[in-house]
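*Asks:* whatever this is, show me its structure:
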Amino acid sequence: MNLLPLQKGVLYGPIASRRLGKSLGINLMPTDYKLCSFNCVYCHYGWTKVHTLDAEAYADDMPRFDDVTGAVGNALASELEFDYLTFSGNGEPTLHPQFASLVAQIAEMRDRYRPGLKIALLSNSSGLNISEVKESIRRIDVPVFKLDAGIEGIFKDINRPCTGINLKDITANLHSLRGFIIQTVLINGMPGNVEEEDLDAYFDLVEDVRPEGVHIYSIDRPVPNEAIARVLPGKLEQIAELGKNRTGIDFKAFFLRQEAY
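*Replies:* Numbering: from 1, shown residues only. The predicted model follows:
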């Protein structure tokens with residue numbers, strides 16, 4: 001099983017993203033272990049080593065404010081071509097103790113050097129419990145939040161959140177935002193989230209939080225839980241169409257285009 005290696009620096013890429021074009025990743029997490037508030041069964045980086053919602057004790061292992069802004073500033077001032085700056089990396093980026101301040105500073109540098117560039121965030125939604133994080137979302141052009149289930153038990157089985165995180169709070173936080181994207185990973189197996197009752201509850205929750213759009217995926221690389229399997233492209237497109245019809249919200253299915261149906 002060849003899982004993805006962890007990112008070894010603050011910046012990585014640009015990578016060819018199926019949604020974001022050329023995306024220059026910003027990793028705010030440690031480089032030698034994964035720190036996250038979730039321990040998802042499908043994570044291509046493998047199991048979470050430090051499973052927490054409070055990352056203050058691990059701040060010394062994370063890149064410092066000046067290291068992040070220096071690296072991003074150098075990239076912005078260079079001739080390197082990229083379409084997005086994307087907060088992602090080795091875990092949940094919003095857990096960095098200075099996340100909100102970093103967003104503000106990087107947005108300011110973007111406005112100075114490349115005003116047409118967009119800033120994106122790939123988040124599991126748990127950091128929205130932090131008021132400063134929630135406030136910082138308005139500075140991000142494309143905030144993308146994970147939502148893999150509409151049932152608490154399925155959420156816990158797939159995302160395996162640390163103590164203190166529940167689907168009700170995540171839903172409430174998402175409900176208070178506007179202009180965000182939901183990202184959903186759909187999987188077969190044990191656990192899975194594509195049975196009819198799973199999708200019914202999920203569509204109800206999506207309709208309630210009213211995102212700008214929904215991006216659905218399945219797994220396309222090795223994952224730590226070998227009891228799960230991918231949902232094929234044809235099925236993903238069927239679910240996207242069903243979701244759009246049920247909610248009136250734009251659903252898009254993403255997969256490797258060379259795959260057979």
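*Asks:* okay, CA-based contacts and neighbour counts for the rest of this
*Replies:* OK.
*Asks:* where does the stretch 1-150 of the chain have low pLDDT?
*Replies:* By pLDDT under 70, the weakly predicted segments of the stretch 1-150 of the chain are 1.
*Asks:* apply 90 and report the result again.
*Replies:* Within the stretch 1-150 of the chain, the segments meeting pLDDT under 90 span 1-4, 15-21.
*Asks:* what segments of it are helices?
*Replies:* 65-77, 99-113, 131-136 (DSSP state H, counting those that start in this stretch).
*Asks:* any chance of the ones you listed in JSON lines, with mean neighbour count and distance to residue 200 too?
*Replies:* Shown next, in JSON lines, are the helices of the stretch 1-150 of the chain (neighbours: other C-alpha atoms under 10 Å; distance: least, C-alpha to C-alpha, whole Å):
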{"stretch": "helix 65-77", "mean neighbour count": "16", "distance to residue 200": "42"}
{"stretch": "helix 99-113", "mean neighbour count": "17", "distance to residue 200": "35"}
{"stretch": "helix 131-136", "mean neighbour count": "15", "distance to residue 200": "28"}
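*Asks:* between those, which one is nearest to residue 171?
*Replies:* helix 131-136 (13.5 Å; C-alpha to C-alpha).
*Asks:* mind listing what's buried in the strand or helix carrying residue 202?
*Replies:* With secondary structure defined by DSSP states H and E, residue 202 is part of helix 196-209. Neighbour counts using 16 or more other C-alpha atoms under 10 Å place 198, 199, 200, 202, 203, 205, 206, 207, 209 of helix 196-209 among the buried residues.
*Asks:* same check on stretch 183-195?
*Replies:* 183, 184, 185, 186, 187, 188, 191, 192, 193, 194.
*Asks:* can you tell me the average pLDDT over it?
*Replies:* Per-residue pLDDT values over stretch 183-195 give a mean of 97.
*Asks:* how far off centre is that stretch?
*Replies:* Relative to the centre of its chain, stretch 183-195 is centred 16 Å away, using C-alpha atoms, centre = their mean, to the nearest Å.
*Asks:* end-to-end on it?
*Replies:* End-to-end distance for stretch 183-195: 18 Å, by C-alpha to C-alpha, to the nearest Å.
*Asks:* what lies in contact with it?
*Replies:* With contact meaning C-alpha atoms under 8 Å, 6 or more residues apart in numbering, stretch 183-195 is reached by 144-149, 154, 157-158, 199, 214-219, 227-231.
*Asks:* buried ones only from those, please, as a ChimeraX command.
*Replies:* Buried residues within these, by 16+ other C-alpha under 10 Å, are selected in ChimeraX with:
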select :144,145,146,147,148,149,154,157,158,199,214,215,216,217,218,219,228,229,230,231
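*Asks:* nearest spatial neighbour of residue 137, skipping sequence neighbours?
*Replies:* In space, and not counting its chain neighbours, residue 137 is closest to residue 143: 6.9 Å by C-alpha to C-alpha, 6 or more residues apart in numbering.
*Asks:* that neighbour reaches residue 118, doesn't it?
*Replies:* No: with contact defined as C-alpha atoms under 8 Å, residue 143 does not count as touching residue 118 (10.5 Å).
*Asks:* any idea what the closest residue to residue 118 other than its chain neighbours is bridged to?
*Replies:* Of all residues not flanking residue 118 in the chain, residue 84 sits nearest, at 5.0 Å (C-alpha to C-alpha, 6+ apart). When assigned by DSSP bridges, residue 84 has beta-bridge partners residue 23, residue 118.
*Asks:* gap between residue 84 and residue 117?
*Replies:* Applying C-alpha to C-alpha, the value for residue 84 to residue 117 is 6 Å.
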